[in-house]
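A.B. asks: give me a 3D structure for the following:
(2 chains)
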Amino acid sequence: MDLHVVGPLASPVERAAVDAILGPPDSGWSGGVRDSRTDGHVARGGHAARGRRELLLPALHALQDRVGRITQPGLNYVCRRLSVPPAEAYGVATFYSLFATAPRPPAVAHLCDDIACRLAGAEDVAADLERALGPAGAPARDGRMTWLRSPCLGRCELGPAALVTIAGETPVLDAAGILGRLEASVRREESTGAPRSPSDVMRTRASVPQAGSGAPLRLLARVGVADPRSLDDYRAHGGYRALANAMAMGAAATVAEVTDGKLLGRGGAAFPTGRKWAAVAAQAAQPHYVVCNADESEPGTFKDRVLMEEDPFAVVEAMTIEAFATGSSRGYLYIRGEYPLAEARLTNAVEAARSGGLLGPNVAGSGWAFDIELRRGAGAYICGEETALFESIEGKRGEPRNKPPFPVEVGLFGKPTAVNNVETLVNVLLILGDGDGRGGGARYAATGTDGSTGPKLFCLSGHVARPGVYEVPFGTTLRELLALGGGVPGGRAIRAILLGGAAGVFVGPDALDVPLTFEGTRAIGASLGSGVVMVFDETADMVGTLRRIAAFFRDESCGQCVPCRVGTVRQEELLARLADRVEVRSRAEELALLGDIGRAMRDASICGLGQTASSAIESAFRQPELVAL
Amino acid sequence: MPPELEAVFTTPPARASRTPVAPAVEAPPPVSVTIDGVEVRLDLPTLCYLENLAPVNVCRVCVVEVTGSRVLVPACSRKVEPGMEIQTESELVRHSRKLVLEFLGSSVDVSLAGPREPDGDIARWAERYGADASRFGVAAPPAGAGVRDAHEPGHHHAPEGSAAARAATVAQPVKVDNELYVRDYSKCILCYKCVEACGEDAQNTFAIAVAGRGFDARISTEWATPLPDSACVYCGNCIGVCPTGALMFRSEHEMRDAGTWDEAAQTVTETICPYCGVGCVLDLHVQDNTIVKVTSPLDSSVTEGHLCIKGRFGFEFTNERRRG
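C.D. replies: Residues are numbered from 1 along each chain as shown, chains lettered A, B, ... in the order given. The predicted structure follows:
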């Protein structure tokens, strides 16, 4: 390949931003002007540069963070450094919504207008912003800021929510002030050395109402109790006991305990974790990788964010155990770009664990080497799909791969990979941190039901008195969970409950006594998904909610396969036609067509996004009392 | 010695029917086929598959039903395993193929799509599966030049009011920025073949890639740069693999515009490229004693269908009638 790069040179600021990630260039061949006296007439780059392709996203983030967009000269510089063809790098940059390739002001408020925040009044905020700053995307205040609509930001319990990103060498911090009434999370807000402030504790209580209430919490035991910035505090509250137990037992026994615990994945697919680990451990191909899927983006889901913000060392310890059990020496933690606080706390936790000898060349003095790298997503729901996540880590567009082969055989960088969700990993600590770890699996499995063992986190949002993350044993009924959250405010009646998020299913008030288990929800044609329980009372705008869900899938489809790329568009158009009464044919034919579209997406799409893009919408139409359309 | 594979297939119906009939009537009895290291050719529609490229399984028109699989699987890339039960024309399969054809027919100009052999063009498949793209309403007006290239991921204007009755399409003006070939992305079904041929499956030039996301995904150079400023070397291998006529010789494009393109009146003459010593096989497509297009057979052991700028486009001099 002959790298063909045209256009002006990157600015010194852009080069510095990229060099901070990639290191200084070793010759003019890696960017800038070539000087034959110092660089000679020898081509450089090649395999060595292309071998660092996985640094493409971090380098693009560096440009976006520093100058607020990705310019052609800036992208060219990254292409030279990594020997990536500009067309390919442009394809990657234009895939992620947090990267701007067109001019964009340095301060951007990304306002969540997704389903939970809609219920909390996001459209009122949007109207305020439009009055104050003009239409979405238009530069305001001398081009210093703008606002954009965003899909779910995973702050549903605090909504309406916004993420404010501020680019620049010296960020314009007054932007947050101007956007006053927003619940804003501003990057770099976290100073990891500072002691916990009362406002931190208040925020924890707002997200986890059970914290400090005396409820018997296991997954959330340290939340609001231990300082999430302190390794010492983590250890003082039982941290790293599970890793010590695992190392004492050995890898095979560790996998056996997780298998005995009958732990099922909490990301949505409910795959047995023990079987996954055993499969990776048994692979002859080397090396093995572990990946923590922290790209929590399912609308209505925020449990992993809370775990990562409030108990980050638990995630680091659990990944270490996973690596030990599966024979891996390298782990990647892929966190969505919309979680700056969680990212800062995890970064701190990884560094603290490293300097404490719990990561690195000699983990806990055992001679075994393992380390973790954090990777930040850049605004793409699809990257929560495990193979799309691998592609993204590898510096590519987040397009899911066809399966088989499955990740346990051919995963990250084509190697056997164990990929687990954050909550799943934290459950592993309960199994292995119990006593000396032996028999921990059986004792763990005593909680919950036969088919769904252990405790479960639920993300309660929408029309409830106290939205937040709740921990209950599997088998708790929907009614009991809603009672924990204080029920529907104002004594209004429940119209519908969305289980499992945008990819889930609407159920009616008649489902209140369903036990919240994998098998219990399956029996009523629903699914637990990622643990979303979103309540819609009798005043809720269901048509608007369904149209938002349809718009979400259209926006988030990667565009690779035809059924999803076009099907999500046709589904959204059809809902608009029904709502606006401009049907192409008879109403009955339109409804039949909606079913036809959904079926084809479900049967023929490559990945779970397309396969579930019609799930919630079709479920609503199956229950005429939920939505009058 | 390859292991003996047992696979069960159902064959497609003998004749296409315009209106779909009940699957119980439609589906013929399963036929057992033993594959013993022998390639079995099935009568399946394909768009993004080509034997000289790695399958990307994105068009989903070749999906088949495999017993035990929750979803349909792409026949182009799924490896046959011992004991696999496969249905190639079940009701489930036919439904998805029909919808895929409707999705494409309603969003893309597929008038030139589909290989001519062995299965005929996309219109015949539409007939076979009863696809009716008009179910989604009248097509929305085409986008202006460059508009689709500027769409940002994750943001679209939601359909509203009477505009909602218009089906979104990829229609846009043809990109004509060089003398040799044109890019008509109104006809692009995003099969990735051109990207593969430009990149690692053939040319290793990487001048084009998929940019954008979702329905706004598109084949693009970096920053939608015109081809003469891009890395393009004009090998034309992207044209050679394009299944829809989105990439086309400029000569063919102009003749089609003028209404003078007449495939029935064309002859194909096989010859060897005169330019260098490699010996690439050329198929010269000739109309009215003038070369109008050059291709190379996919099964040529020398080219595997791929050429360079000289073999592909260096024929103009033969059309020069003056002798010096």
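A.B. asks: when you work out contacts or count neighbours from here on, use the C-alpha atoms and nothing else.
C.D. replies: Noted.
A.B. asks: what stretches of chain A score poorly on pLDDT?
C.D. replies: For chain A, the stretches with pLDDT under 70 are A:29-45, A:169-199, A:628-629.
A.B. asks: likewise chain B?
C.D. replies: Short version for chain B, where the test is pLDDT under 70: B:1-42, B:115-120, B:160-164, B:323-324.
A.B. asks: switch the cut-off to 50
C.D. replies: Where chain B drops to pLDDT under 50, the residues are B:1-34, B:118.
A.B. asks: ok, which stretches of the stretch 501-629 of chain A are strands?
C.D. replies: Taking DSSP state E, counting those that start in this stretch to define them, one finds strands in the stretch 501-629 of chain A at A:505-507, A:532-537.
A.B. asks: other SSEs contacting the longest one?
C.D. replies: Applying 3 or more CA pairs under 8 Å, 6 or more residues apart in numbering or on different chains; DSSP states H and E, one finds that strand A:532-537 contacts strand A:455-462, strand A:494-499.
A.B. asks: need those in TSV with mean neighbour count and distance to A:Leu55, can you?
C.D. replies: Putting the helices and strands packed on strand A:532-537 into TSV (neighbours: other CA atoms under 10 Å in any protein chain shown; distance: least, CA to CA, whole Å) gives the following:
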stretch	mean neighbour count	distance to A:Leu55
strand A:455-462	26	33
strand A:494-499	24	37
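A.B. asks: any chance of those strands in a markdown table, with distance to chain B too?
C.D. replies: Converted to a markdown table, the helices and strands packed on strand A:532-537 look like this (distance: least, CA to the nearest CA, whole Å):
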| stretch | distance to chain B |
| --- | --- |
| strand A:455-462 | 23 |
| strand A:494-499 | 21 |
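A.B. asks: tell me the buried residues in stretch A:1-12?
C.D. replies: Of the residues in stretch A:1-12, A:Leu3, A:His4, A:Val5, A:Leu9, A:Ala10 count as buried by neighbour count, 16 or more other CA atoms under 10 Å in any protein chain shown.
A.B. asks: so which of these are in strands?
C.D. replies: With strands taken from DSSP state E, there is no overlap with the buried residues of stretch A:1-12.
A.B. asks: output these as JSON lines; include the columns distance to B:Gly137.
C.D. replies: Putting the buried residues of stretch A:1-12 into JSON lines (distance: CA to CA, whole Å) gives the following:
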{"residue": "A:Leu3", "distance to B:Gly137": "45"}
{"residue": "A:His4", "distance to B:Gly137": "43"}
{"residue": "A:Val5", "distance to B:Gly137": "44"}
{"residue": "A:Leu9", "distance to B:Gly137": "48"}
{"residue": "A:Ala10", "distance to B:Gly137": "47"}
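A.B. asks: for chain B, tell me which of those residues show up nearby.
C.D. replies: Filtering these for neighbours of chain B using CA under 8 Å from any CA of the partner chain leaves A:Leu3, A:His4, A:Val5.
A.B. asks: need the contact list for the second one.
C.D. replies: Just to be clear, that refers to A:His4. The neighbours of A:His4, taking CA atoms under 8 Å, 6 or more residues apart in numbering or on different chains as the test, are A:Pro85, A:Pro86, B:Ser230, B:Ala231.
A.B. asks: can you map out the strands along chain A?
C.D. replies: A:107-112, A:145-150, A:161-166, A:183-186, A:288-294, A:328-335, A:371-376, A:417-421, A:455-462, A:468-473, A:494-499, A:505-507, A:532-537.
A.B. asks: export those strands as a markdown table, with columns for distance to A:Gly121.
C.D. replies: Shown next, in a markdown table, are these (distance: least, CA to CA, whole Å):
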| stretch | distance to A:Gly121 |
| --- | --- |
| strand A:107-112 | 10 |
| strand A:145-150 | 14 |
| strand A:161-166 | 10 |
| strand A:183-186 | 12 |
| strand A:288-294 | 27 |
| strand A:328-335 | 27 |
| strand A:371-376 | 29 |
| strand A:417-421 | 30 |
| strand A:455-462 | 11 |
| strand A:468-473 | 17 |
| strand A:494-499 | 18 |
| strand A:505-507 | 21 |
| strand A:532-537 | 13 |
